[in-house]
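Novice: Fold the following for me, if possible:
(2 chains)
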Number of protein chains: 2
Amino acid sequence: MAPAAREATRRRVLDATVRTLAAQGFTGTTARSIATTGGFAAGVIYYHFTDLDELFAATVRHVSETQLEQYRADTEGVDSAVELVERLRALYTAAGADRYVAAVQELFAAAHASTGLAEEVRAATTRWQDYAEATIRRLVEGTPFADLVPVREAAVTAVAAFLGVEMLTHLDPGLVDPAGLFDAAARAAALLDATRLL
Amino acid sequence: MAPAAREATRRRVLDATVRTLAAQGFTGTTARSIATTGGFAAGVIYYHFTDLDELFAATVRHVSETQLEQYRADTEGVDSAVELVERLRALYTAAGADRYVAAVQELFAAAHASTGLAEEVRAATTRWQDYAEATIRRLVEGTPFADLVPVREAAVTAVAAFLGVEMLTHLDPGLVDPAGLFDAAARAAALLDATRLL
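Specialist: Below you'll find the model as predicted:
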């Protein structure tokens, strides 16, 4: 197979895995159910991945990198907190984003069972912590909070809060109201931006 | 069996379930492994619970209520943020608390698989959100933040962040440094308390 075709097929397997995880959960995600979702033979999976463990690890990396690239592109250079909150809201509510989130949620919950998966989850978490740190640092620069906010700790907490919110909404949409959280964040952001004028 | 003896045995089963979940994970927690941990016959479990689903649901309730009672008792009436952070740090690092947290982590991750378990997880989460809301409201009262902080949203986010931190430390202790987060919270708390004097 030509490299481009090979890469396209690998990508189809990863996308089918994401969709299957989101719809059927970790325990319902087998080679057979992934193949059914993607409309290909189960053998295609094993042409690209040694086993499901390797596929799940690759899926975490794929989702994390795809989403992180999008987040970086859409929030690059944004130093207004209000603007940032609106960009994050748009990213969060973008078509298909919920599927990525649900798939990652399933894989995080299953990570303790697989060393390779846990390794990718760790790496992905660290990259999101770094992204959050750079973003928060840019936001507080030029405000009275620049020397007060412990940026790394705030970033680690933000990533943890995001994961926790996802875990809870995944369990029961009534436990957390993400739209309400964005509204509250928008009001806090307006206050933060106002201090930049002082 | 006399009611007191019956209750003591039920409690022993719940404690053994917590210890088994913490040590062996959800998939390793069977009637047999719980019985081995507790030093009783597996039949004792079925004297008190219809099946493992019911036992797991009861365990979430038991852990949540036991811990919440302790948190309420130790933080009741505390309206200094600095004092609150130190009390929370002590609760978090108390002997045995890590075992409760690990057990709950396993049950939250497994909750989608069982309706009864999910129901208890939902109820427990709501109670902790209510506790966090009352605590945060008390903290910001009398500060310039009283009218600015959206208390319910802050409480929901705090509970989500706690769950996320637990999920990450459970996965890899290197991903989050709870002691560092408490230190950062202590510094923020000192600033909040200072505004109370204004």
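Novice: which parts of the helix or strand of chain A with the lowest mean pLDDT are buried?
Specialist: Least confident helix or strand of chain A, by mean pLDDT, DSSP states H and E, is helix A:97-110 with a mean of 86. By 16 or more other Cβ atoms under 10 Å in any protein chain shown, the buried positions in helix A:97-110 come out as A:Arg99, A:Tyr100, A:Val101, A:Ala102, A:Ala103, A:Val104, A:Gln105, A:Glu106, A:Leu107, A:Phe108, A:Ala109, A:Ala110. (Glycine included, C-beta is placed from N, CA and C.)
Novice: Adding distance to chain B, write these out as CSV.
Specialist: As requested, these are exported to CSV (distance: Cβ to the nearest Cβ, whole Å):
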residue, distance to chain B
A:Arg99, 16
A:Tyr100, 17
A:Val101, 13
A:Ala102, 10
A:Ala103, 13
A:Val104, 12
A:Gln105, 9
A:Glu106, 9
A:Leu107, 11
A:Phe108, 7
A:Ala109, 4
A:Ala110, 8
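Novice: quick check, nearest of these to A:Val156?
Specialist: Ranked by distance to A:Val156 (Cβ to Cβ), the buried residues of helix A:97-110 are led by A:Phe108 at 15.7 Å.
Novice: the inter-axis angle of the host helix or strand of A:Leu117 versus helix A:97-110?
Specialist: Using DSSP states H and E, A:Leu117 falls within helix A:115-140. Following axes from the mean of the first three to the mean of the last three Cα atoms, to 10 degrees, one obtains 130 degrees for the angle between helix A:115-140 and helix A:97-110.
Novice: pLDDT of helix A:115-140, averaged?
Specialist: Summarised as a single mean, pLDDT over helix A:115-140 is 93.
Novice: do the same with stretch A:165-183
Specialist: If you average the pLDDT over stretch A:165-183, you get 89.
Novice: is chain B contacted by it?
Specialist: Yes: Stretch A:165-183 lies within reach of chain B by Cβ under 8 Å from any Cβ of the partner chain, at A:165, A:167-168, A:170-172, A:174-177, A:180-181, A:183.
Novice: Mind listing what's buried along that stretch?
Specialist: A:165-172, A:175-178, A:181-182.
Novice: same check, this time on stretch A:66-84
Specialist: Residues of stretch A:66-84 classed as buried: A:Gln67, A:Tyr71, A:Thr75, A:Val78, A:Ser80, A:Ala81, A:Val82, A:Leu84 (neighbour count, 16+ other Cβ under 10 Å).
Novice: Can you name every helix or strand that the least confident helix or strand of chain A contacts?
Specialist: Applying 3 or more Cβ pairs under 8 Å, 6 or more residues apart in numbering or on different chains; DSSP states H and E, one finds that helix A:97-110 contacts helix A:3-24, helix A:52-75, helix A:115-140, helix A:151-171, helix B:97-110.
Novice: Lovely, talk soon.
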